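Novice: Build me a model:
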Amino acid sequence: MARKLEADRFALGVCYYPEQWDEKLWADDYRRMKEMGIDVVRVGEFAWTIFEPADGAFEFGLFDRALDLAHAHGLQVIMGTPTATPPAWLTQAHPEVLNKTQDGLAYHHGMRRHYTYNSAVYREYCARIVRRMAEHYARHPAIVGWQIDNELNCETDVFYADADHDAFRAWCREKYGTLGALNEAWGAVFWSQTYTAWEQVHLTRKTAAGSPNPHQALDEKRFISDSAISFAKLQSDILREVAPHHWVTTNGLFGNLDSHRLTEETLDFFSYDSYPLFYSIFGDAQEPEPMRDRWWSLNLSGVRDISPNFCVMEQQAGPGGWTNRIQLPSPYPGQMRLWTYQSILHGADMVLYFRWRTAKFGTEIYWHGLNDYHNGPNRRLREAAAVGEELGRIGERLVGRTYKANVALLEDYDNEWDGRLDTMHGALRGPSLSAWYKRLQYRHIPADKIKLRRDATANGLSGYRLAVYPHPTIMTERTAELLETYVRDGGILVLGARTGYKDETGRCRMMPFPGMAAALCGVHVDDFTLIAGDREPADVALADGSGRTFKAPLFNETLTVQAEGTEVVAAYASGWYAGRPALTRRKLGQGEVWYFGASFSEGAAEAILDLLDLPSPAADWGKLPREVEFGIREDAAGGQWAYLLNYADREVAFELARDCVDVLTGERLSGRAAMPAFGVRILEPSPQ
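Specialist: Got it, this is the predicted structure:
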């Protein structure tokens, strides 16, 4: 069952670090926060040395005063457990708590997240500080909830300390029972890797060619996820015991971590840190027609799959930068407000800006908050205050709504983790997902990004007309049956190259490609090639005589039809395999299965969407330009609000198909209307 934030009204907040500022500033800070419409602050997540300046010596005075003053100003508080930053006295006395690199070099004190989850000593110290903080603050009237740690698996998501090797060995013994079973799962007979004693089993270590056993590497990622979840549960169990009236969350979405299971087993809801300008590092900034900050909606959709209603614990409020990396430009005027509503559209019922004031010292001295160093007025403060005023008016009607989509973009943890090492399928995942999401966005077709989990059922997909599962290389028999049920019941399933040929250990099946999906798709792969080096992506031509072509990048498979009812929709038009089938469609039950023997280009996604003639729900509201993101949030009674977000740096116009009221302004709209650069409209139908 999904865990979600339950709120009576929207909460706007900010991250605050009272320990970093002269106490004389606190009262004025809190006063200005309230005047801006800020309701909640997050504190404490990096302050272990303040709470425990020496081993076993606990000091709560500074935060007692900070919280008492916050409460006096009508602010609620989210308290962070400080376990992301162990104090120097702890790492000096117990260096075994530190993480190590893969070749055994220990991290040192001086940054954050330099510990390991599996150190028994560190877990004891963490349990102690969490319990003492929970006991001290359980009845404080300002505190409403707790954030565990900070960004689990951020900075590094691999762990190779001695304690981790020991814990991995125990994890393997529990999972496999015998060395024979482990050797079989890992294909250890290859290159004489067979283990004859448990003491020989370790996490992956440096190898001559830098290429570890891929099945061991897949299990390593599963183990790291389990370790992080166990570490979070250590803390959440204490908080639920001592402060059961407070909610518990943590912020993240990082690698080698099953955030769904983390939430189900340890949290009341999931939280996320949204920095849309990261598109310049991780997004599609170099592509034609880049989505830029709009690309971040894909991440928010993934968060929504974990918690349909969630908290954005850190919302970008300014330019970002460490002294030595992550240099991000300043948001344009209006972008911070746009990003706030981007988060809200995709499920956020609480948003906290990062941070109140830019730090004047430390690694993040260029990670700007709402206030500059001078602490005077600026445009970011004015923009945040405008958002606070708007949310103060509509906050009670805003929360609890559900995002509406009839397209699902499917992923799963096993393929994500396996693909980090196996580039023969892992390299296809990102480009294909980006191509589909971009074309759906520009056609104003909302989509959900969904992790297909081992306990998933076809009922979980039944509300989606279209499901795109680009490259599920690892596919179990159960997953294949689930997908077949979805199709027979009327769903449209689209699969891409490298589908279905591995089992859950990451070993290849002795079956014709696409393996477990071959019977479902009605095709076999009879030849294939990686597109690399001097190889050019093949052209693909539709078989309808239209002359329309598109590219088939990264990997090409030629297909042979095997089952009745399977038609060739498109064939390769270049390369030595010109004329061979590239895209097929099989009607099955009430639905259909499409198979594309390549990574998905934007052209391929666009062509399939044209052939499917999938309608956009935006048509019921009006005709929108491509620069505008469209989405619907629906309340429990079926009442809908349409969100229109303009990502362009200029005014755009649109035509309404119905009379509407802009919820943000109360303005009545009909016919032709406009939005300013980076503008936002939230529309509801006008009363009849």
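Novice: Provide the backbone phi and psi angles at the residue of the chain most remote from its centre.
Specialist: Here the chain reaches farthest from its C-alpha mean at G545, the gap being 40.9 Å by Cα atoms, centre = their mean. Main-chain dihedrals, G545, degrees, to the nearest 10: phi 80, psi 10.
Novice: and if you look at S686?
Specialist: Main-chain dihedrals, S686, degrees, to the nearest 10: phi -60, psi 140.
Novice: Against R668, how distant is the residue nearest to it when sequence neighbours are not counted?
Specialist: With sequence-adjacent residues excluded and distances taken as Cβ to Cβ, 6 or more residues apart in numbering, S686 is closest to D659, at 4.0 Å. Where C-beta positions appear, they are placed from N, C-alpha and C, glycine not excepted. Separation of D659 from R668 (Cβ to Cβ, to the nearest Å): 7 Å.
Novice: between the two, who's got more neighbours?
Specialist: D659 (14 against 10; other Cβ atoms under 10 Å).
Novice: And the pLDDT for that one?
Specialist: The model reports D659 with a pLDDT of 97.
Novice: Then M1?
Specialist: Looking at M1, its pLDDT stands at 65.
Novice: Over to I281?
Specialist: pLDDT, I281: 79.
Novice: my read: I143 touches L67, true?
Specialist: Yes - counting by Cβ atoms under 8 Å, L67 is a contact partner of I143 at 7.1 Å.
Novice: Touching both of these two, which residues are there?
Specialist: Residues touching both I143 and L67 (Cβ atoms under 8 Å, 6 or more residues apart in numbering) are V77, Y137.
Novice: these two touch, right, the residue nearest to S686 and S670?
Specialist: Yes - counting by Cβ under 8 Å, D659 touches S670, with 4.5 Å between them.
Novice: Which residues are in contact with each of those two?
Specialist: Common neighbours of D659 and S670, counting by Cβ under 8 Å, 6+ apart, are S686.
Novice: got a list of what G400 touches?
Specialist: By Cβ under 8 Å, 6+ apart, G400 lies in contact with E6, A7, N309, D349, D635, A636.
Novice: at 7 Å instead, please
Specialist: Contact analysis of G400 by Cβ atoms under 7 Å, 6 or more residues apart in numbering lists N309, D349, D635, A636.
Novice: need the helices for the stretch 301-450 of the chain, in chain order.
Specialist: Applying DSSP state H, counting those that start in this stretch to the stretch 301-450 of the chain gives helices spanning 335-345, 379-398, 413-421, 423-442.
Novice: name the helices or strands packed onto the second one?
Specialist: Put plainly, it is helix 379-398. strand 11-15, helix 335-345 (3 or more Cβ pairs under 7 Å, 6 or more residues apart in numbering; DSSP states H and E).
Novice: quick one: which of the ones you listed is nearest K404?
Specialist: helix 335-345 (10.9 Å; Cβ to Cβ).
Novice: Now stretch 526-544: buried residues?
Specialist: Going by neighbour count (16 or more other Cβ atoms under 10 Å), the buried part of stretch 526-544 is F528, I531, P537, A538, D539, V540, A541, L542.
Novice: isn't the fifth one right up against T549?
Specialist: Read it as D539. Yes - contact criterion Cβ atoms under 7 Å: D539 and T549 qualify, at 4.9 Å.
Novice: can you list residues touching both of the two?
Specialist: A573.
Novice: if you go through the stretch 501-650 of the chain in chain order, where are the helices?
Specialist: 518-521, 602-612.
Novice: Could you give the number of residues near L105?
Specialist: The number of residues packed near L105 is 9, by other Cβ under 10 Å.
Novice: State the pLDDT value of it.
Specialist: So, for L105, pLDDT stands at 95.
Novice: what's the spacing between it and T85?
Specialist: Remark: distance between L105 and T85 (Cβ to Cβ) = 21 Å.
Novice: repeat for M111
Specialist: In this view, M111 and T85 are 9 Å apart by Cβ to Cβ.
Novice: between these two, who's got more neighbours?
Specialist: Using other Cβ under 10 Å, the more surrounded residue of M111 and T85 is T85, with 19 against 10.
Novice: what sits against the closest residue to L645 other than its chain neighbours?
Specialist: Nearest non-adjacent residue to L645, counting by Cβ to Cβ, 6+ apart: E629, 4.3 Å away. Residues in contact with E629 (Cβ under 7 Å, 6+ apart) are R294, S297, Q441, L645, Y647.
Novice: Which of the helices and strands packed on helix 379-398 sits closest to P446?
Specialist: Closest of the helices and strands packed on helix 379-398 to P446 is helix 335-345, at 9.3 Å (criterion: Cβ to Cβ).
Novice: Report the buried residues of the helix or strand containing R31.
Specialist: According to DSSP states H and E, R31 maps onto helix 26-35. Of all the residues in helix 26-35, those buried under the rule 16+ other Cβ under 10 Å are W26, D29, Y30, R32, M33.
Novice: pull the CA atoms of the helix or strand harbouring E174 into CSV?
Specialist: Per DSSP H and E, E174 falls inside helix 162-176. Provided in CSV are the C-alpha atoms of helix 162-176 (Å, rounded to 0.1, in the frame of the first residue of the first chain):
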residue,chain,number,x,y,z
ASP,A,162,35.5,-4.3,6.4
ALA,A,163,32.1,-4.2,8.1
ASP,A,164,30.5,-4.2,4.7
HIS,A,165,32.4,-7.2,3.4
ASP,A,166,31.4,-9.1,6.5
ALA,A,167,27.8,-8.0,6.3
PHE,A,168,27.7,-8.9,2.6
ARG,A,169,29.0,-12.4,3.4
ALA,A,170,26.3,-12.9,5.9
TRP,A,171,23.7,-11.5,3.5
CYS,A,172,24.8,-14.1,0.9
ARG,A,173,24.7,-16.9,3.3
GLU,A,174,21.1,-16.0,4.2
LYS,A,175,20.1,-15.6,0.6
TYR,A,176,21.7,-18.7,-0.9
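Novice: Could you pull out the buried residues of that helix?
Specialist: A163, D164, H165, A167, F168, R169, W171, C172, Y176.
Novice: Show the subsequent helix or strand relative to that helix.
Specialist: helix 179-185.
Novice: Now do that following helix: which elements does it pack against?
Specialist: helix 162-176.
Novice: centre of the chain versus the helix it packs on, how much separation?
Specialist: Offset of helix 162-176 from its chain centre (Cα atoms, centre = their mean, to the nearest Å): 28 Å.
Novice: Next: stretch 202-212.
Specialist: How far stretch 202-212 lies from its chain's middle: 29 Å, per Cα atoms, centre = their mean.
Novice: do the same with stretch 203-215
Specialist: What separates the centre of stretch 203-215 from the centre of its chain is 28 Å, taken as Cα atoms, centre = their mean.
Novice: tell me which residues of that stretch are tucked away?
Specialist: L203, T204, P212, N213, P214, H215.
Novice: Kindly report the same for stretch 234-248.
Specialist: Buried residues in stretch 234-248, defined by neighbour count with 16+ other Cβ under 10 Å: L234, Q235, S236, I238, L239, R240, V242, A243, H246, W247, V248.
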